[in-house]
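Peer 1: Okay, predicted coordinates and the sequence, questions at the end:
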Amino acid sequence: MARVAEVSVSTVSRAFTVPDMVHPQTRRKVLQAAEELGYQPNRAARGLVTGRTGNIGVVVPDVANPFFSAVLKGCAARARGAQHVVFLADAAEDPRVEAEMVGAMAKQVDGIVLCSPRENSAELHRLVGTSPLVLVNRVEGGLPAVLMDSADGVRQAVEHLAALGHRRIAYLSGPAASWAGEERLGGLRAAAPACDVEAVELGPFPPTFQGGIQATDLALARGVTAVLAFNDLMAIGVLNRLAARGVSVPGQMSVIGFDDIEMASMTTEPLTTVQMPMEAAGRAAVDMLLDDPQPTTELQRWLPTQLIVRSTTAPLPAAPAATR
């Protein structure tokens, strides 16, 4: 390759291991030669020289949840652009498994993106010594984090329902250990009185389609005219159960989800939801990890949320929902 690129062997080595020490034009010649020859650098060997693996770990509570799939997509895109590879671990909504996955990955990666961690504060701080961490959707003192403004998303949802005339709504909460869930409850408790809305808090429920089905009967029994679900999966479960109970949406009940996953626009009545910047959060988390594994300046990066109005919200019905 050195002969093809018309440089020394040591220059080729530096172009792959310490590219900042090679003139950009020279490095381009080396990379072009590598492409022509079909060369792929040995990541393990390079790691011995640089002390870096070229790998990033991502740990999620539930890989089947489309929210985390979207965050992962953002992580992978940004990592790929930086010539890094992503290792994925599914913690199965179990804090103990989460800690085990971080420990198992620590020596194989340059840092870990920990999405919506369920561990307590002491456990999270214990993990800091194993590998550089960036959190997504969790505030923990001293740890870098990318945060989506859930509280403001709830404010937008409540104001939307109030503007449609709804005065008694149900909020279906998700996992008890979810920081985003706490933020949403905080936003609800601030926005509801300000909008002259009574909020009935129900749950916690699993953040799944089945969790939404489970919660729907409880919401109907409380005589509400609108439902705000912890996430879109739950909201889709609510739509399913309302249909089974003979309650029309949005004619007799309005429903709002959270996240704006791809399925939200595919339901029979496209779902009104709060859009979370999931892919952007994944990209930002990898940026923070690569820019400085333990940043000292920007510890938190907040991303805005936005209400997306579709077909599952409408003005307050003239009469309460009749069910069967």
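Peer 2: Thanks, I have it.

Peer 1: State the mean pLDDT of stretch 214-222.
Peer 2: Mean pLDDT, computed over stretch 214-222, is 97.

Peer 1: mind listing what's buried in that stretch?
Peer 2: Under the neighbour-count criterion of 16 or more other Cβ atoms under 10 Å, stretch 214-222 has 214-216, 219-220 buried. Backbone N, C-alpha and C define where each C-beta goes, glycine included.

Peer 1: What about these, which are in helices?
Peer 2: 214-216, 219-220 (DSSP state H).

Peer 1: coming back round to it: for L239, state which of the buried residues of stretch 214-222 is nearest.
Peer 2: Among the buried residues of stretch 214-222, T216 lies closest to L239 (Cβ to Cβ), at 8.9 Å.

Peer 1: surely that closest one meets I236?
Peer 2: No. Look at T216 against I236 with Cβ atoms under 8 Å: they stay out of range, at 11.1 Å.

Peer 1: picking up where we left off before, any chance of JSON lines for the ones in helices among the buried residues of stretch 214-222, columns distance to D287?
Peer 2: As requested, those are exported to JSON lines (distance: Cβ to Cβ, whole Å):
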{"residue": "Q214", "distance to D287": "38"}
{"residue": "A215", "distance to D287": "36"}
{"residue": "T216", "distance to D287": "40"}
{"residue": "A219", "distance to D287": "40"}
{"residue": "L220", "distance to D287": "44"}
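
Peer 1: biggest separation within those, which pair?
Peer 2: Q214 and L220 (12.2 Å).

Peer 1: count of neighbours near G187?
Peer 2: 22 (other Cβ atoms under 10 Å).

Peer 1: Was I right to think it contacts G153?
Peer 2: Yes. Counting by Cβ under 8 Å, G187 does reach G153; the two are 7.1 Å apart.

Peer 1: does V71 really touch V59, like I thought?
Peer 2: No. Distance between V71 and V59: 11.0 Å, which falls outside the contact criterion (Cβ under 8 Å).

Peer 1: Need the residues touching each of those two.
Peer 2: C115 (Cβ atoms under 8 Å, 6 or more residues apart in numbering).

Peer 1: Surely T26 is within a strand?
Peer 2: No. Going by DSSP: H, G, I helix; E, B strand; the rest coil, the assignment for T26 is helix, not a strand.

Peer 1: ok, now how distant is it from S10?
Peer 2: 12 Å (Cβ to Cβ, to the nearest Å).

Peer 1: Tell me which of these two has more neighbours.
Peer 2: T26 (17 against 9).

Peer 1: From T11, how far out is the more buried one?
Peer 2: 6 Å.

Peer 1: The protein: helices as residue ranges?
Peer 2: 2-5, 9-17, 24-37, 43-50, 66-81, 95-105, 121-127, 150-163, 179-194, 209-221, 232-244, 278-291.

Peer 1: now the closest residue to G165 other than its chain neighbours: how far from S254?
Peer 2: In this structure, G165 finds its nearest non-sequential neighbour in L316, 3.4 Å apart by Cβ to Cβ, 6 or more residues apart in numbering. Counting by Cβ to Cβ, the gap from L316 to S254 is 8 Å.

Peer 1: Which neighbours do those two have in common?
Peer 2: Common neighbours of L316 and S254 (Cβ under 8 Å, 6+ apart) are 164, 166, 225.

Peer 1: The last one against A314, yeah?
Peer 2: By that I understand T225. No. Using Cβ under 8 Å, T225 and A314 do not qualify as a contacting pair, with a distance of 10.1 Å.

Peer 1: what about the stretch 1-150 of the chain, any weak spots by pLDDT?
Peer 2: In the predicted model, the stretch 1-150 of the chain carries pLDDT under 70 at residues 1-5, 9, 12-18, 20, 37-52.

Peer 1: how about 80 then?
Peer 2: Across the stretch 1-150 of the chain, the ranges flagged by pLDDT under 80 are 1-23, 27, 29-31, 33-52, 129.

Peer 1: which of the shared contacts of L316 and S254 count as buried?
Peer 2: 166, 225.

Peer 1: so can I have TSV of the shared contacts of L316 and S254 showing distance to Q306?
Peer 2: Below are those laid out as TSV (distance: Cβ to Cβ, whole Å):
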residue	distance to Q306
L164	18
H166	20
T225	24
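
Peer 1: Just name the closest of the shared contacts of L316 and S254 to A192, please.
Peer 2: Of the shared contacts of L316 and S254, the one sitting nearest to A192 (Cβ to Cβ) turns out to be H166, at 10.7 Å.
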